[in-house]
Every structure is written in C-alpha cells, then in structure tokens.
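Participant: Compute the structure for the input listed below.
(2 chains)
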There are 2 protein chains.
Amino acid sequence: MALIVQKYGGTSMGSPERIKNVARRIAKWKGEGNQLVVVVSAMSGETNRLIDLAKAIQTSPDPRELDVVISTGEQVSIGLLAMALKELGIPAKSYTGGQVSILTDSTHTKARILDIDDQAIKADLDAGQVIIVAGFQGVDAQGAITTLGRGGSDTTAVALAAALQASECQIYTDVDGVYTTDPRIVPEARRLDSITFEEMLEMASLGSKVLQIRSVEFAGKYKVKLRVLSSLEYLNKQGPGTLITFEENQNMEEPIISGIAFNRDEAKLTVLGVPDRPGIAYQILGPIAEANIDVDMIIQNVGHDGSTDFSFTVNRGEYAKALAILETVKAHVGARAITGDNKICKVSAVGVGMRSHPGVASKMFRALAEEGINLQMISTSEIKISVVLDEKYLELAVRVLHQSFNLNQAA
Amino acid sequence: MALIVQKYGGTSMGSPERIKNVARRIAKWKGEGNQLVVVVSAMSGETNRLIDLAKAIQTSPDPRELDVVISTGEQVSIGLLAMALKELGIPAKSYTGGQVSILTDSTHTKARILDIDDQAIKADLDAGQVIIVAGFQGVDAQGAITTLGRGGSDTTAVALAAALQASECQIYTDVDGVYTTDPRIVPEARRLDSITFEEMLEMASLGSKVLQIRSVEFAGKYKVKLRVLSSLEYLNKQGPGTLITFEENQNMEEPIISGIAFNRDEAKLTVLGVPDRPGIAYQILGPIAEANIDVDMIIQNVGHDGSTDFSFTVNRGEYAKALAILETVKAHVGARAITGDNKICKVSAVGVGMRSHPGVASKMFRALAEEGINLQMISTSEIKISVVLDEKYLELAVRVLHQSFNLNQAA
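Facilitator: Residues are numbered from 1 along each chain as shown, chains lettered A, B, ... in the order given. The predicted structure is shown next:
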C-alpha cells in the first residue's frame, strides 16, 4: 500500500463539475489500494477576487489580514472536495493549514514552512480516510494564518510528501508532463518520461511554468519523488506524466540536452564604459534590488583600457523603471552611457548531459549562426546555455535547436 | 473606560464601502475611550453563495465539510474590517472562531457554544487593539470548524460579552431599535427605549425579527446588557436604540402592553374528534416533529362526549406536508376528520405589565370584536396573548390593538 500525495491546482478545481472529476480521479487511486493525501488550491479566479476585495479597502492591504482573507479560497476548496468524495462513498476529511498544522514563519503573504505536525493525518490515513489539505497556507507560532505566496500549493504538497515520507508527490496540472519545449512552437516536442531535479529547476525558472520553482527546490532538499501529470485526461487514459529524478541517468544513451526553454518576457540593460574596479557590480545592482526588481542574467566581460561594459536582463514590465534607476546611478559609477532593449528574448538549452559532453555550446552557436541569428548575450551554467536574441528570432531559434539536439519525436 | 462588544450583520458588511462605514463607526466609539470587541457576519449573499456551491456538489452537504466552507464568509469579513480600521490608523486584529477560541459541541451547522478562551483577546485589548471576531463560528474539542446556525453571529457577540463581562453588547441592524409594532402597518408605532428580556423573547419569536432568539436567551442567562442600534444612521445622529433589560420596570407609569407582534406566515391544522385519552397529543405531533416541522401554537380544549379537537399552527410553507402527515395518522388516532386553513395570521399583544394588570385579555378581545373580527384560536402566556385571525384582518387588528393599548406616538 503506497502513500501518495496529490496536488490539484485552481483550474482543476474551477467548478463543481471539475471538483467532481478530481474526486473521481482520487477514487481511482484509492480503489487501487493507495493511501491518499490531497492538496488543493483555491478555485480559479477566487484568490484574485479576494485580493481585489482587500484592495478596495486598503491600497496596500495589511499582510496579516490579507492572509486571513485570501486563505479562505483554499478552505472552500477542501470542504467541497471532501463533499465530492463522500458523495462517491469515499471517507474523506478536510484540514486547513492551521489544522494540520503546517507551522510557518511569520512572513505574511510569503511565509516559509518550518514544520509539519503529521500525527492527526497519519491517524486518519490509518483509519482509511482520504485527507484533503488546503494548499498555500499555514499558521505561525502565534496562531496567525499565513500564506506561502503564489504557487504555494505545490510547496505544501511537497512538504507534506516529505513529512509523511510519501512514495510519490503527484502534481496535477493542465499539461500531461514536461516537454522538450513548448509544443505550440515545435509541434514535434516530446513529453519527457523523466527529467532531473536540476534540469527541472532550470526549465522552471526559464519559463516552462509547470511547477513552482520553490516546490522543486523543496523536493530536491527532501528527496521527494515528484511527478507532473494532467488532470484533464480521461481516467482510463491517464499517462505516466514526467517524473522529476534526483539521480543522473547512468545510461549511455542519455540525451545531452533534455529541453529547449525560452522566455519572451525579458529586457536587457547595459551600462557602458564603467571603471573596471571592485564594487562596481554592487553599485549598479544595489539600487535595482532595492527597487524590488528581479534580475535574471548578469554579464560582465573582461575590461580593456581600465573600463568594461556591464549588462543584465530584467522582466520586461520593469524595463522602464530599471532604466530610470540606471540613469540616476550613471554619474556615480562613472559610466559612459546607458543602453537597453526591450525587444529581446532568451533561449536556453538545458541538460545534465552537457556536463560530460564537450562541444554542446559550439554546436548550439553553429546551429543559430547557420540561420543568421545574432547572439546578443551568452551565459552558461553547468547544465544550461542561454542566449539573448532579437525577439523576432524566438520561434526560429527554438525550432532549430530542438532539431539540432535530436529532441524531435521519433517519426 | 468601558468594554463594549458590537455586532454588525451581513447588510452592514455588504460592500467595501459599507465596511469602511462600519470602521468609521467603530473609530468613533474607540475615540471616546472605549475598548472594543467587534463581531461580524459574512458579507450579505456570501453564505448563500457558499451553500449553493456546496449543494452543487452534494444535495445534502456533509455537515462537517459544509461548516469548513461556509465559515469562510465571516473569515473574509474580519480580515477586511481589520484592514479598514488600520486604514483609519486604528490598531486592529482579527480572530476566527478557532483562534479565539470559541469552543462548541460537535453539532455541525448548529453547534452550541461551551466555552470561550478570552486570554488572547484580553491581552490584545490591553495593548489598545480593536478586536474583530468572526461571528457564527467556533471549533469543537477535536479542532473541527463548527457553525452556530443562521443568525449565530448575534449569539457569538452575546457570548463574548458574557465571557469578557462587557458593559454592553450592541447589535447593529438596519432598524434603529425595537418598535411597538411594524411602522409599515402602523405609522404611529414608537421606538421603545427599553424592553424586558421576556418581552423581547416573545416579540422575536412572534416575527419582530430584530434579534436572533437564541442570542436573547443567552443574554438573559448571562445577564448581558443588550442594545439594538442602527448601523445606517449618520455617525453624528446615532440614536440610543432599544435596550433589552432584565429587571421589570417598577415605575407605576409602566405601560401594560409593550408591543403588538404579528406573523402572517402561519397555517393552522385541526384534528377533529379525537378520543380524549392520554398520549393523543404525542401521537399527533410525534410524526410532525419527526418530519422536522416546527409547531407554533398548540391548542386542545376540554373534551366532551369522550372526544376533543386538537389544533396547532405551523409555518405556512409546511402546511401541505403537515396536512399529508395528519391524513396518515388520522385512522391510527381514531380522529373524525382533518381540517386546515393556510389563510390565517397570528396577532399578539406582549407586555410584562399584564402580569399585574387584570383585564388585558378582555380589553383586547373587545377591541377586536368592535371591528367585527372573529377569533379562530386564542392562546395566552404570562406576558402574551395571541389570537389567530383570518389573514385579511391582520393590518386592521394590529392598528386597533396598537391604538387601544395607547402605544401610538404622542401627537
């Protein structure tokens, strides 16, 4: 008898009819002899409705009270799903984050899980109950309701799987797994049977938004077997999804590259001719960080003539704000000029195989060069090569790379 | 410095704008140096929306899970009101029923309060906070969320007032107090400055639906000073409302009758010619109770020739159901026939003064007789005389009695 933690997101829980479908899916797993702990999100749209209500009262809602309000979305979901299971004759019991209890720190609206008390859940599981837990929420040491931030339900699921030492944590989404790239751009994209934890981290942060990145980190830390599955498939046609693994495949046939990720939502900024001396990077990025602007790629090449150029990318929506900040620090850092471009994109090849296979970068650059695509920025990590391109080349670049690395579906 | 418990209902909390108005009202009381504990209901319509969601999943929703779902309505309200107070610069903190904690039995959807742990609230009050508590909800000994049934927020407020030994429990509604009768029927109806607890009980159960009857009983039991006020009046024109008292006024000028209550929503049923023997009442009303039909007046007159007639009134919506049940028990109890009428109404004169003033009943009957109104049923208690009339006489009867007992406003 396996203990499985499942997580269903807001789309899967979006209406009474969909909630009934989720209950049928749970019933199937339960019928196969598994113990089940199910984490659910708020019905789609509900969290935004509650945030709008709060903002109609306070432009910047008090974080403690905002958590009191928005945590109700998941609470409604757990009650409804427990009812749907009982309607199918399956014993079920709901738990709020506070009832579990999922102890967090007191950082309202983005709390971190500190501990989970799994005693009550274990007793109920042993009594044959399906346990339904509200995702996204916890309770701090003072008993105040906290929330984990957007996508926090994935984290709740992984944390519960870790605490309960579950066989597997299944994240149900509207896709049937992780793909080699976006099938809307490359129709030949393939579902991956498995992907390593590190690849998944790189894919997630690069815009393949299947899983919340924090939950993947959590799964890695506690070695939770994580699987992405579709909640939209017919019950009798459920595919295996994609398993996130923590050991690298020792198989010689292992592909070098697992997937091509991309992100259109970027803009690049360059500070030209800054003095090549210690502290410059901090002087430039300090004010950006203080303005709460997330920085993605950061590139600084070797200097010549005592000066260098410093480039970085930000979310496109923060381009104007970042540019304005750079103008204010320009004189202070002694830069020659500030330039920027918000019509760029980032394309990345990701794969643990590149660790043991030299020449991946050059193969990637050649493929792009053959299509006449100019590379504006290049950045590499151990298992990822990212390039910044003119936005108009995005689809072409993704298709060319997907083909070059033999990711296309076997004909 | 007085400690005041206030309760605001769903209409007062019906929109962000109204919630801000409630906050301003609280701010005024706080500014006058009072400590405040505020109990709120769900925004109007919200509880019904949640019940509809639950019923879309389960025709008869599981009571435990229904409580999980519907208790979120008040949770949203407390967060929003706390935000609105903070927006006014007033320190405020919300509490769910579980956080207080309001310990109840485990009778989901109609739980009874057993105990209140007021330690946290007292500490926060001493720290200058306004405390916002979710009405209608509690938590049982196992930590499950419970609700107190419709109107339960009034009960929460009274229970908190009792536990905290508050100076006063103020129930804010959309009327500015308890009236001698419905001003829509008798324009001369007067707001009562005070009314006794027992009169209020009789007025409430008779259809003057200002306060939930259970909260009035609770207030009586714990001697909580209860006041009904309007949340719709301008802040600078707030009237004194109506105080519910627990001592009878010793003043010689005390009116004999405090008000004329009425209820149009009734139907009467009569079982004719039942044997005059022990157990008959139970044989008739047992099946009615089992069908969850509430019975109001019950009248059985002395028998003659070994048989008697047995009459009772029910909510008009349950008339057909009750009639059908009586037809099935008719043979069993040996009744001659079943009759009924769903075009009746009940009119009652209520007043503790009638205890010490004989002749109230005859005065009431004479006033009605002078208008040619036939009395179909008569029932009396220590402080109330109720008559059942043809529905068409309702307004006339109420006006005549209001005038006869000198309840009209001083010209």
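
Participant: where does the stretch 151-300 of chain A have low pLDDT?
Facilitator: A:204-209, A:248-254 (pLDDT under 70).

Participant: what do you get if the cut-off is 80, keeping everything else the same?
Facilitator: The model of the stretch 151-300 of chain A has pLDDT under 80 over residues A:151, A:204-213, A:235-236, A:247-255, A:277-278.

Participant: Now do the strands in it.
Facilitator: Secondary structure of the stretch 151-300 of chain A by DSSP state E, counting those that start in this stretch: the strands cover A:168-173, A:194-196, A:226-230, A:242-245, A:259-275, A:295-300.

Participant: Please name every helix or strand in contact with the shortest one.
Facilitator: Counting contacts by 3 or more C-beta pairs under 8 Å, 6 or more residues apart in numbering or on different chains; DSSP states H and E, strand A:194-196 is packed against strand A:242-245. Any C-beta I mention is one placed from the backbone N, CA and C, and that applies to glycine too.

Participant: if you compare the strands of the stretch 151-300 of chain A, which one is most tucked away?
Facilitator: Mean neighbours per residue, mean count of other C-beta atoms under 10 Å in any protein chain shown, is largest over the strands of the stretch 151-300 of chain A for strand A:168-173, with a mean of 24.

Participant: hmm, who's touching that strand?
Facilitator: A:2, A:4-9, A:11-12, A:22, A:25, A:154, A:157-158, A:160-161, A:210-211, A:215, A:219, A:224-231, A:241 (C-beta atoms under 8 Å, 6 or more residues apart in numbering or on different chains).

Participant: Please indicate which of the residues you listed are buried?
Facilitator: With burial judged by 16 or more other C-beta atoms under 10 Å in any protein chain shown, the buried subset of those is A:4-9, A:11-12, A:22, A:25, A:154, A:157-158, A:160-161, A:210-211, A:215, A:219, A:224-231, A:241.

Participant: Cross these against helices and list the overlap.
Facilitator: A:22, A:25, A:154, A:157-158, A:160-161, A:215, A:219 (DSSP state H).

Participant: Nearest to chain B among these?
Facilitator: A:V22 (10.9 Å; C-beta to the nearest C-beta).

Participant: what's the closest residue in space to that closest one that isn't next to it in sequence in contact with, if anything?
Facilitator: Nearest residue to A:V22, sequence neighbours excluded (C-beta to C-beta, 6 or more residues apart in numbering or on different chains): A:Y8, at 5.1 Å. A:Y8 sits next to A:22, A:38-41, A:81, A:172, A:231 when contact means C-beta under 8 Å, 6+ apart.

Participant: try it again with 10 Å
Facilitator: Taking C-beta atoms under 10 Å, 6 or more residues apart in numbering or on different chains, we find A:Y8 in contact with A:18-19, A:21-22, A:25-26, A:38-41, A:77, A:81, A:132, A:135, A:153, A:157, A:170-173, A:231.

Participant: A:Q119 now?
Facilitator: With C-beta under 10 Å, 6+ apart, A:Q119 has these contacts: A:100-101.

Participant: if we go to 6 Å?
Facilitator: Listed by C-beta atoms under 6 Å, 6 or more residues apart in numbering or on different chains, the contact set of A:Q119 is empty.

Participant: Now do the phi/psi pair for it.
Facilitator: A:Q119 adopts backbone torsions of phi -60, psi -50, taken as degrees, to the nearest 10.

Participant: And the one 4 residues further on, by the same measure?
Facilitator: When quoted as degrees, to the nearest 10, the phi and psi of A:A123 stand at phi -60, psi -40.

Participant: For it, give its distance to A:K330.
Facilitator: 63 Å (C-beta to C-beta, to the nearest Å).

Participant: Could you do A:G351 as well?
Facilitator: On the measure of C-beta to C-beta, A:G351 and A:K330 end up 39 Å apart.

Participant: before we move on, what about A:V347?
Facilitator: 30 Å.

Participant: of the two, who's got more company?
Facilitator: For A:V347 and A:K330, the more surrounded residue by other C-beta atoms under 10 Å in any protein chain shown is A:V347, and the numbers stand at 28 against 17.

Participant: Secondary structure class of that one, three-state.
Facilitator: The three-state label given to A:V347 by DSSP: H, G, I helix; E, B strand; the rest coil is strand.

Participant: can you pull the contacts of the residue lying farthest from the centre of chain A?
Facilitator: Farthest-out residue of chain A from its mean C-alpha position, per C-alpha atoms, centre = their mean: A:D305, at 42.2 Å. With contact set as C-beta under 6 Å, 6+ apart, A:D305 has no partners.

Participant: Distance-wise, check it relative to A:G177.
Facilitator: 51 Å.

Participant: just A:I244 next, same as before
Facilitator: 10 Å.

Participant: What of A:A141?
Facilitator: 39 Å.

Participant: what does A:I288 give?
Facilitator: Taking C-beta to C-beta, one finds A:I288 at 36 Å from A:G177.

Participant: for A:F218, same thing?
Facilitator: 20 Å.

Participant: helix/strand/coil for A:L407?
Facilitator: A:L407 ends up coil, using three-state DSSP.

Participant: doesn't A:T180 make contact with it?
Facilitator: Yes - the criterion here is C-beta atoms under 6 Å, and A:L407 meets it with A:T180 at 4.1 Å.

Participant: Please list the outside residues in contact with stretch A:271-279.
Facilitator: With C-beta under 6 Å, 6+ apart, stretch A:271-279 has contacts from A:280, A:284, A:303, A:306-310, A:333-338.
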